[in-house]
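Asks: need a structure here:
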Amino acid sequence: MKYLPINRDLFIKNRKNFMAQMKGNGVAVFNSNDIYPVSADSTLPFAQHRDIFYLSGVDQEESILLLCPNAPYEHLKEILFLRETNEHIAIWEGEKLTKERAFEVSGIKSVYWLQDFHKVLKEVMMYADTMYINTNEHYRAAVETETREDRFIKWWKETYPAHKVEKSNPILQRLRSIKDTIELELMQTACNITEKGFRRILNFVKPGVAEYEIEAEFAHEFLRNRSKGFAYTPIIASGNNANVLHYIENNQVCQAGDLLLLDVGAEYANYSSDLSRTIPVSGRFTDRQRAVYNAVLHVKNEATKMLVPGTLWKQYHVEVGKIMTSELLGLGLLDKADVQNENPDWPAYKKYFMHGTSHHLGLDTHDYGLLHEPMQANMVFTVEPGIYIPAEGFGIRLEDDVVIQENGAPFNLMRNIPIEADEIESIMNS
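Replies: Down below sits the predicted model:
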């Protein structure tokens, strides 16, 4: 892995917290992701399933974690199963975890080779009456591919039909949404790498530069700082491309006078950062562009203040909508009649700001978190309002990543990344 070793105390704590919420004589199993084929003998780069990584720190394929906190023998309470490595694998594929190294990474003492899994599982199932299956229940999940986890769940339920079934996901949704200090440090590193990329392109962007060249500058800076690369597919959108919310072609040339919307973030150790900035291709905002820019920045700053313990996500968005409506009125994009006659299910401001303001951030860019429950300290949220004006040929989105504090305003993990219009212009013209 490119990233530096992570303190295994994080994974030990995560397992302890998870097992504390398991009911009765339960057993939970977590699988690594598949390596997905492209065609012929080509595959996509491996990306670890976030849940097994969260609970073990293991970051390689064909790994299984088994947790059975009430097993009668200590060696059966936490078990890692790994693909057996050998000299041939080391030569052709590189180093894989040994049993000793797996303990160093995870803090798990019982490490078996994968071929022993079914034998050990059979014994553990004799002591358990409930199996915890790990289904994907994220509110944005729309997965058509059958995963390694899906195949295992199907087999497990068919093989042991007399056992009760519980779900791991509700436990993980709550645990993963509240970040440990070690996690916050990893996310800060991801944000710091993103900052380096952004500062690099501020001195690179000019009329005639292609969007894909800007993407390449980010990738260069991310990789040279121990990141695997982008936490999500980057949006490098000049001119009217910014009005396509998920524009990812990144194949146009930046024109003089246009704005450039950047929605990019580096990953680090599987943790995401998520940045949006909008900059002037020619190095200076027009008066109109600056007015809209400052309106978006004001909404972002006011929205950030609301991210405190006890805030409800749904009501938060209602309040942000009121602030945005006021700004759009001031910009002449809405008038009082638009607001008076608006559809409550799709308020007038949605014509220019049609997406949400905040989402959980962590091991996933849209991370785990139960949105119907009040916000808590050490949750990490994005704050990303935008105003999109196709008729004027530009869109503006600004986004930072913030940590909710026990008291006071949230802590901005992107506090050092330029965002004020004057600072952006100053750097671009230095």
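
Asks: And the pLDDT for the residue most central in space within the chain?
Replies: The centre of the chain sits closest to T365, judged by Cα atoms, centre = their mean, with a distance of 1.7 Å. Reading off the confidence values, T365 has pLDDT 97.

Asks: and the closest residue to Y368 other than its chain neighbours, how many neighbours?
Replies: Nearest residue to Y368 in three dimensions, chain neighbours excluded: R176, at 4.1 Å (Cβ to Cβ, 6 or more residues apart in numbering). Every C-beta, even on glycine, is put in place using the N, C-alpha and C of the backbone. By other Cβ atoms under 10 Å, the residues close to R176 number 23.

Asks: So which other helices or strands are in contact with the helix or strand R176 falls within?
Replies: Using DSSP states H and E, the element containing R176 is helix 169-177. Judged by 3 or more Cβ pairs under 8 Å, 6 or more residues apart in numbering; DSSP states H and E, helix 169-177 is in contact with helix 9-20, helix 50-56.

Asks: quick one: V111 and A102 touch, right?
Replies: Yes: contact criterion Cβ atoms under 8 Å: V111 and A102 qualify, at 4.8 Å.

Asks: who's more crowded, these two?
Replies: Neighbour count, other Cβ under 10 Å: between V111 and A102, A102 has more, with 24 against 19.

Asks: by how many degrees do the helix or strand hosting the more buried one and helix 9-20 diverge?
Replies: Take DSSP H and E as the rule and A102 turns out to sit in helix 99-106. Angle of helix 99-106 versus helix 9-20, following axes from the mean of the first three to the mean of the last three Cα atoms, to 10 degrees, is 80 degrees.

Asks: Now tell me what touches helix 99-106 from outside.
Replies: If you take Cβ atoms under 8 Å, 6 or more residues apart in numbering as the criterion, helix 99-106 is touched by 5-6, 8, 11-12, 56-58, 80, 82, 97, 108-109, 111.

Asks: Quick check: next helix or strand after it?
Replies: Note on helix 99-106: by DSSP H and E, the next helix or strand toward the C-terminus is strand 110-113.

Asks: how about that following strand: buried residues?
Replies: Within strand 110-113, the residues that count as buried by 16 or more other Cβ atoms under 10 Å are S110, V111, Y112.

Asks: again with stretch 27-38
Replies: Those would be V27, A28, V29, F30, N31, S32, N33, D34, for stretch 27-38 by 16+ other Cβ under 10 Å.

Asks: Over to stretch 325-338?
Replies: Here stretch 325-338 shows T325, S326, E327, L328, L329, L331, L333, L334, D338 as buried, counting by 16+ other Cβ under 10 Å.

Asks: One more: stretch 360-370?
Replies: In stretch 360-370, counting by 16+ other Cβ under 10 Å, buried: H360, L361, G362, L363, D364, T365, H366, D367, Y368, G369.

Asks: Select, from those residues, the two members most distant in space.
Replies: Farthest-apart pair in the buried residues of stretch 360-370 is T365 and G369; separation 12.4 Å (Cβ to Cβ).

Asks: Put the alpha carbons of the lowest-mean-pLDDT helix or strand in the chain into CSV.
Replies: For the chain, the helix or strand with the lowest mean confidence is helix 87-93, at a mean of 73 (criterion: mean pLDDT, DSSP states H and E). Extracted C-alpha coordinates of helix 87-93, given in CSV (Å, rounded to 0.1, in the frame of the first residue of the first chain):
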residue,chain,number,x,y,z
GLU,A,87,7.1,-17.7,-3.2
HIS,A,88,5.3,-18.1,-6.5
ILE,A,89,2.7,-15.5,-5.5
ALA,A,90,5.3,-13.2,-4.2
ILE,A,91,7.2,-13.3,-7.5
TRP,A,92,4.1,-12.8,-9.8
GLU,A,93,1.8,-10.6,-7.6
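
Asks: Residues contacting that helix, please?
Replies: Here helix 87-93 makes contact (Cβ under 8 Å, 6+ apart) with R83, K96.

Asks: How about stretch 237-247?
Replies: So stretch 237-247 is contacted by 211, 235, 249-250, 252-255, 258-263, 278, 281, 354-355, 388-390, 393-397 (Cβ under 8 Å, 6+ apart).

Asks: Measure how far stretch 362-369 is from the centre of its chain, please.
Replies: Put simply, stretch 362-369 sits 4 Å off its chain's centre (Cα atoms, centre = their mean, to the nearest Å).

Asks: so K154 sits in a strand?
Replies: No: using DSSP: H, G, I helix; E, B strand; the rest coil, the secondary structure at K154 is helix, not a strand.

Asks: State the distance from it to T135.
Replies: 11 Å (Cβ to Cβ, to the nearest Å).

Asks: buried stuff in stretch 401-408?
Replies: So for stretch 401-408, counting by 16+ other Cβ under 10 Å, buried means D401, V402, V403, I404.

Asks: quick one: R397 and G386 touch, right?
Replies: Yes: contact criterion Cβ under 8 Å: R397 and G386 qualify, at 3.4 Å.

Asks: shared neighbours, the two?
Replies: S276, V296.

Asks: And these two? Which one has more around it.
Replies: A direct count of neighbours by other Cβ under 10 Å for R397 and G386 places G386 higher, at 26 against 23.
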